[in-house]
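Asks: curious how this folds, go ahead:
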Amino acid sequence: MPVTAEQYTGPSHFVHLHNHTVFSVLDGVSTPEQYAEQCHLRGYPAMSATEHGHMASVPDMYLAFKKYGLKYIPGVELYLNDYEPKRQELAAQGIKIRSKEWRNQNPELAYRMFRNRHLTILCKNETGFQNLVKLTTQAYETGLFGMGRAQYNRVWFEKLCKFKEGLIVLSGCLNGPVSHELRFTELKDSEGNIVVNRDKATRITAAVEYVKQFQDAFGEDYYLEVQMPGIEDDHLVFRKLISIGDLYKIPVVLTNDIHYLTRADFIVQKIMMAVAQETTIDSPDLFHVNSDEQFMKSRAELWATFKNNLYSKGLDDRIFEQICDNTLLIADRCEQFKVDTSPKIPEIQDADNELNRIVTLELQRRGLDKCEKQFMIDGHAVTYKQQMQLELNRFIDKGFSSYFYITRDLIQYGKQKGWPFSPRGCSVPEGLITMADGAAKPIIDVECGDEILDGFGDKRKILDKFIYDVGEELIEIQYDGGGLLVTRDHKLYVVRNGAVVLLKASELVDTDEIINTNLGETANHENNQDSL
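Replies: This next block holds a predicted model:
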């Protein structure tokens, strides 16, 4: 009869060291905030986030774990390919390495050049953090390979060693260099013929060569990583890694390669991966682990997995306790340091002029550059062209040109894929919008086909309607004859000290007068703090 997690009598503390958040786009399901809350509730002292090839989740993870006084360990799941320099060399020579003829002549070399191995890298201290930032940046600058969604930023062993100070290296998942050598039994050509056959001795020898290479370079900062994802023959790799660790005196650490919070979230992750691969969840072409074991398990749940499957065959329970305790030892070795969480906007060369050019061309395309119609904006009468320049100057003065330029590219890409987009606003379902007939109507009640007035007083027909949870703090603003429920950063035109100014809702005071566009007049307001 299978054992259950409730039967576990060992310690409860554990540190998850190999994890993916929503920043592993269309792969990770859970947010940094959800992970931090769970660590707090379970009494876990620390956690890492190891996104695919990048460190975009660092600010969110740092702030989320800081909120609970827990340790956040920055990291990354690195794409490793020691054949990347060779690939670049062949490409520079003009050799068509993607051609069927060349690949048939060099089957194993082609296989190794086009596939990536994964390494779990953790920051031991601030020096390691700076080096990991440099390493991932170098991966984009010198190791970018592939096209579209199958484009990867790769590093190779020499590059990794150049920035190794302050880093802890785990041998990786089943797609790590060591585990892969243990699993790489044969290679078939496009017609299904076996062109490479590797016996057990060859596989173990190749795996041990990788282990020695990393052990020599990283010493006590190198660990063998074992996982229990519940897929075919993974238990064999598990036990071999335990044996190799014992033979070469290398500590082994257990991770669960988390992609979602609970087992029930597995289907969500599968849907996300199907979206990423532009296929369906029932398609045979969907590349997926096809196991629902990669959730945030407790130590007891990990023990039950260990006992109920072939992982524990021939192994003592003390092995399980040791590979769990090693997660705590690693967390203790990793220092908690302050992370700069301020926004980092990439700089696009000549972004100011380029953004100006794009907006000007769009204004001309719509025929608005010659329109003399004027509108009252911030107390000034302006035309479309003047307002365009006013808005652009705000972006430029604040240094946001690169941000808007990049955002435009992302939106254009999404539209090409048929994804729905709409401008982001601060409105909430109860917020009011002015209809074409001048009446005020809650946004939630506006339907497709209705006509509203835009910021310039022009009539616009509603083509699409998207409903989502705001998930932000709300402020109830009461004024003579009505009220508004808005987000804290929602901006309103108000009269203050005789001047018209644009302010966030959170900045309003009781003596301000809202310019009520629905009533065509000003109204005194009260900021109801009790409604926060």
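
Asks: flag the shaky bits of this protein, pLDDT-wise.
Replies: Applying pLDDT under 70 to the chain flags residues 148-149, 377-379, 419-431, 455-457, 465-472, 480-482, 498, 515-532.

Asks: per the record, what domains does it have?
Replies: When the chain is parsed with automatic domain parsing, its domains come out as 5-81+116-333, 345-421, 423-532.

Asks: need the strands for the stretch 51-200 of the chain, in chain order.
Replies: 71-80, 117-123, 144-145, 152-155, 167-170, 186-188, 194-197 (DSSP state E, counting those that start in this stretch).

Asks: to Pro442, which of these lies closest?
Replies: For the strands of the stretch 51-200 of the chain, the distance to Pro442 is smallest for strand 71-80, at 40.8 Å, taking C-beta to C-beta. (Each C-beta comes from the backbone N, C-alpha and C, glycine too.)

Asks: angle of that closest one against strand 117-123?
Replies: Computed by axes from the mean of the first three to the mean of the last three C-alpha atoms, to 10 degrees, the angle separating strand 71-80 from strand 117-123 equals 150 degrees.

Asks: and stretch 135-143, what's buried?
Replies: Residues of stretch 135-143 classed as buried by neighbour count (16 or more other C-beta atoms under 10 Å): 135-136, 138-139, 143.

Asks: closest one of these to Ala381?
Replies: Thr136 (50.4 Å).

Asks: from Thr50, how far out is the closest one?
Replies: 11 Å (C-beta to C-beta, to the nearest Å).

Asks: and stretch 167-183, how far out from the chain's middle?
Replies: 22 Å (C-alpha atoms, centre = their mean, to the nearest Å).

Asks: mind exporting it as PDB, just the C-alpha atoms?
Replies: Provided in PDB are the C-alpha atoms of stretch 167-183 (Å, rounded to 0.1, in the frame of the first residue of the first chain):
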ATOM      1  CA  LEU A 167      28.200  31.300  -8.000                       C
ATOM      2  CA  ILE A 168      26.900  27.900  -6.900                       C
ATOM      3  CA  VAL A 169      26.300  25.400  -9.700                       C
ATOM      4  CA  LEU A 170      23.800  22.500  -9.600                       C
ATOM      5  CA  SER A 171      24.200  19.900 -12.300                       C
ATOM      6  CA  GLY A 172      20.700  20.600 -13.600                       C
ATOM      7  CA  CYS A 173      17.500  18.700 -14.500                       C
ATOM      8  CA  LEU A 174      17.100  15.700 -16.700                       C
ATOM      9  CA  ASN A 175      18.300  17.900 -19.500                       C
ATOM     10  CA  GLY A 176      21.400  18.900 -17.600                       C
ATOM     11  CA  PRO A 177      24.800  17.900 -19.100                       C
ATOM     12  CA  VAL A 178      25.400  15.100 -16.600                       C
ATOM     13  CA  SER A 179      21.800  13.600 -16.600                       C
ATOM     14  CA  HIS A 180      21.600  13.900 -20.400                       C
ATOM     15  CA  GLU A 181      24.700  11.800 -20.900                       C
ATOM     16  CA  LEU A 182      23.200   9.100 -18.600                       C
ATOM     17  CA  ARG A 183      20.000   9.200 -20.700                       C
END
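
Asks: residues in contact with the spatially closest residue to Phe337 that is not a sequence neighbour?
Replies: Excluding the flanking residues, the one nearest Phe337 by C-beta to C-beta, 6 or more residues apart in numbering is Glu126, at 4.3 Å. Residues counted as contacts of Glu126 (C-beta atoms under 8 Å, 6 or more residues apart in numbering) are 166, 335, 337.

Asks: now tabulate those residues in CSV and tack on neighbour count.
Replies: Below are the contacts of Glu126 laid out as CSV (neighbours: other C-beta atoms under 10 Å):
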residue, neighbour count
Gly166, 19
Glu335, 15
Phe337, 15
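
Asks: now the helices for the stretch 401-532 of the chain?
Replies: For the stretch 401-532 of the chain, helices defined by DSSP state H, counting those that start in this stretch occupy the ranges 401-416.

Asks: could I get the full set of strands for it?
Replies: Taking DSSP E, counting those that start in this stretch as the criterion, the stretch 401-532 of the chain carries its strands at 432-434, 440-442, 451-453, 459-461, 474-479, 482-487, 491-496, 499-504, 513-516, 521-528.

Asks: which of those strands sits closest to Asn356?
Replies: Per C-beta to C-beta, nearest to Asn356 of the strands of the stretch 401-532 of the chain: strand 499-504, 22.8 Å.

Asks: tell me the strands beside the closest one, with direction?
Replies: strand 491-496 (antiparallel) (DSSP bridges).

Asks: ok, the residue nearest to Ala351 when sequence neighbours are not counted - contacts?
Replies: With sequence-adjacent residues excluded and distances taken as C-beta to C-beta, 6+ apart, Ala351 is closest to Ser401, at 3.9 Å. Residues near Ser401 by C-beta under 8 Å, 6+ apart: 348, 351-352, 354-355, 395.

Asks: just the buried residues out of the residues you listed, in ChimeraX syntax.
Replies: Buried residues within the contacts of Ser401, by 16+ other C-beta under 10 Å, are selected in ChimeraX with:
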select :348,351,352,355,395
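
Asks: I'd like the contacts of Ser401 as JSON lines, with distance to Ala304 and secondary structure appended.
Replies: Output for those, formatted as JSON lines (distance: C-beta to C-beta, whole Å; DSSP: H, G, I helix; E, B strand; the rest coil):
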{"residue": "Ile348", "distance to Ala304": "51", "secondary structure": "coil"}
{"residue": "Ala351", "distance to Ala304": "54", "secondary structure": "helix"}
{"residue": "Asp352", "distance to Ala304": "59", "secondary structure": "helix"}
{"residue": "Glu354", "distance to Ala304": "57", "secondary structure": "helix"}
{"residue": "Leu355", "distance to Ala304": "56", "secondary structure": "helix"}
{"residue": "Phe395", "distance to Ala304": "55", "secondary structure": "helix"}
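
Asks: pick the one among the contacts of Ser401 closest to Gly367.
Replies: Of the contacts of Ser401, the one sitting nearest to Gly367 (C-beta to C-beta) turns out to be Leu355, at 20.7 Å.

Asks: contact partners for that closest one?
Replies: Contacts of Leu355 (C-beta under 8 Å, 6+ apart): 392, 395-396, 401, 404-405.

Asks: switch the cut-off to 10 Å
Replies: 348, 392, 395-396, 400-405, 408 (C-beta atoms under 10 Å, 6 or more residues apart in numbering).

Asks: from the contact counts, what lies against the longest helix belonging to the chain?
Replies: In the chain, taking DSSP state H as the definition, the longest helix is helix 200-218. Packing contacts for helix 200-218, counted by 3 or more C-beta pairs under 10 Å, 6 or more residues apart in numbering; DSSP states H and E, involve helix 157-162, strand 167-170, helix 177-183, strand 222-226, helix 234-247.

Asks: quick one: closest of the ones you listed to Val208.
Replies: Among the helices and strands packed on helix 200-218, helix 234-247 sits nearest to Val208 (C-beta to C-beta), with 6.5 Å.
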